[in-house]
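Novice: following is a predicted model, sequence given first.
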Amino acid sequence: MSTRREFCAGCCLLACGAVLGAQPAPDGEAPLKRTQETRAGMKPGSVRDYRKLGRFFLVADAAGIYALTSVCTHRGCNVNAAGAEGFHCPCHDSEYDPQGRVTEGPARLPLRHLLVREAGGLLEVDVSVSVDPTVRI
């Protein structure tokens, strides 16, 4: 039997997750994805495709390294990297800039930015945690 304090703490954690946009990983799938990339290997302008590992891209700009989901916000198709122009959804032709913002619909919402951290010299992405688009490592 849990105490009232434990119950309230659990409710707060759930509410924080909802506010921050955290989404659980699909059943049976670990949300933490370890890449083979290092900070030094990610130069500004780099885009690394990790759609097979966890449906995301690792991207580097002048401010640092960030991860974007590859899931189109229109109908959930996988977007493709389109070089310096950003990302393109082949299903319904939505376009996103390199920061994941919509530049052409039908999508209306930007691509989600995901938590990136360094562990043992390699970059890891937590596909279950959304972060503010300004967050870089």
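Specialist: Structure's in. What do you need? Numbering: from 1, shown residues only.
Novice: point out where this protein drops to low pLDDT.
Specialist: Scanning the chain for pLDDT under 70 picks out 1-29.
Novice: where do the helices of it begin and end?
Specialist: 4-20, 51-54 (DSSP state H).
Novice: so which residue is dead centre in the chain?
Specialist: residue 114 (2.9 Å; C-alpha atoms, centre = their mean).
Novice: for it, give me its contacts.
Specialist: Contact analysis of residue 114 by C-beta atoms under 8 Å, 6 or more residues apart in numbering lists 56, 66-69, 125-127, 129-131. No exception for glycine: its C-beta is placed from N, CA and C like everyone else's.
Novice: which one of those residues is nearest residue 86?
Specialist: residue 68 (9.5 Å; C-beta to C-beta).
Novice: in contact with the closest one, which residues?
Specialist: 56-57, 59, 87, 100, 111-114.
Novice: buried ones among those?
Specialist: 56-57, 59, 87, 100, 111-114 (16 or more other C-beta atoms under 10 Å).
Novice: and those residues as JSON lines, adding distance to residue 44?
Specialist: Formatted as JSON lines, these follow (distance: C-beta to C-beta, whole Å):
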{"residue": "56", "distance to residue 44": "19"}
{"residue": "57", "distance to residue 44": "15"}
{"residue": "59", "distance to residue 44": "10"}
{"residue": "87", "distance to residue 44": "17"}
{"residue": "100", "distance to residue 44": "16"}
{"residue": "111", "distance to residue 44": "19"}
{"residue": "112", "distance to residue 44": "22"}
{"residue": "113", "distance to residue 44": "17"}
{"residue": "114", "distance to residue 44": "19"}
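Novice: do a quick rundown of the strands in the chain.
Specialist: 32-34, 47-50, 56-61, 64-69, 80-81, 87-88, 95-96, 102-104, 113-119, 122-131 (DSSP state E).
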